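Trainee: Starting from these lines, generate the structure:
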Amino acid sequence: MALSKETVKYVADLSRIELDPQELEKLSLQLQTILGFIDLLNQADIEGIEPTSHILPLNNILRSDQIKESLTIERALANAPQKKDNFFVVPRVIE
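Mentor: Numbers count the residues shown, from 1 in each chain. Sure thing, here's the model as predicted:
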């Protein structure tokens with residue numbers, strides 16, 4: 001797949017990335033190499049090969065869900081630096 005410097009510059013502009021001419025040249029060559037390798041992978045014969053997400057058979061060991069008693073409001077707020085009614089008080093982040 002051909003990748004022009006204009007395409008790389010266009011994508012960099014969309015990404016708000018400033019590239020000087022040397023960086024543009026280097027990045028264009030690197031991206032061209034990456035895309036060439038992807039094209040090479042696309043040519044590989046994978047007929048009859050089952051898709052995998054990992055080379056080893058891994059299984060998660062999960063425990064069964066159990067209903068447990070949750071914290072009371074008083075206990076949850078016991079160490080809160082600031083509280084109001086049944087809520088934590090935190091600094092305002094939206095102006």
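Trainee: can we go C-alpha only for contacts and neighbour counts from here?
Mentor: Fine.
Trainee: now the helices for this structure?
Mentor: 5-14, 21-42, 73-76 (DSSP state H).
Trainee: Turn the ones you listed into a markdown table, columns for distance to Val93.
Mentor: Below are those laid out as a markdown table (distance: least, CA to CA, whole Å):
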| stretch | distance to Val93 |
| --- | --- |
| helix 5-14 | 29 |
| helix 21-42 | 38 |
| helix 73-76 | 23 |
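Trainee: can you tell which of those is closest to Lys84?
Mentor: helix 73-76 (11.7 Å; CA to CA).
Trainee: Run through the neighbouring helices and strands of the closest one.
Mentor: Contact partners of helix 73-76 among helices and strands, from 3 or more CA pairs under 8 Å, 6 or more residues apart in numbering; DSSP states H and E: none.
Trainee: Take the helices of the chain and write them to CSV, including mean pLDDT.
Mentor: Listed next are those as CSV, based on pLDDT from 0 to 100:
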stretch, mean pLDDT
helix 5-14, 92
helix 21-42, 93
helix 73-76, 94
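Trainee: right, and those helices - which one's nearest Ser53?
Mentor: helix 21-42 (16.8 Å).
Trainee: Could you name the helices and strands sitting against the closest one?
Mentor: Under the contact rule (3+ CA pairs under 8 Å, 6+ apart), helix 21-42 is packed against helix 5-14.
Trainee: Give the other helices and strands that the helix it packs on contacts.
Mentor: Looks like helix 5-14 contacts helix 21-42 (3+ CA pairs under 8 Å, 6+ apart).
Trainee: CA atoms only: put the helix it packs on into PDB for me.
Mentor: What follows is helix 21-42, C-alpha atoms only, in PDB (Å, rounded to 0.1, in the frame of the first residue of the first chain):
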ATOM      1  CA  PRO A  21      10.400  18.100   7.100                       C
ATOM      2  CA  GLN A  22      12.900  15.600   8.600                       C
ATOM      3  CA  GLU A  23      10.300  14.200  11.000                       C
ATOM      4  CA  LEU A  24       7.800  13.900   8.100                       C
ATOM      5  CA  GLU A  25      10.300  12.100   6.000                       C
ATOM      6  CA  LYS A  26      11.200   9.700   8.800                       C
ATOM      7  CA  LEU A  27       7.600   9.000   9.900                       C
ATOM      8  CA  SER A  28       6.500   8.500   6.200                       C
ATOM      9  CA  LEU A  29       9.200   5.800   5.800                       C
ATOM     10  CA  GLN A  30       8.400   4.200   9.100                       C
ATOM     11  CA  LEU A  31       4.700   4.000   8.300                       C
ATOM     12  CA  GLN A  32       5.400   2.700   4.800                       C
ATOM     13  CA  THR A  33       7.500  -0.100   6.400                       C
ATOM     14  CA  ILE A  34       4.700  -0.900   8.900                       C
ATOM     15  CA  LEU A  35       2.100  -1.000   6.100                       C
ATOM     16  CA  GLY A  36       4.400  -3.100   3.900                       C
ATOM     17  CA  PHE A  37       4.700  -5.600   6.800                       C
ATOM     18  CA  ILE A  38       0.900  -5.700   7.200                       C
ATOM     19  CA  ASP A  39       0.600  -6.400   3.500                       C
ATOM     20  CA  LEU A  40       3.100  -9.300   3.900                       C
ATOM     21  CA  LEU A  41       1.000 -10.700   6.800                       C
ATOM     22  CA  ASN A  42      -2.100 -10.500   4.700                       C
END
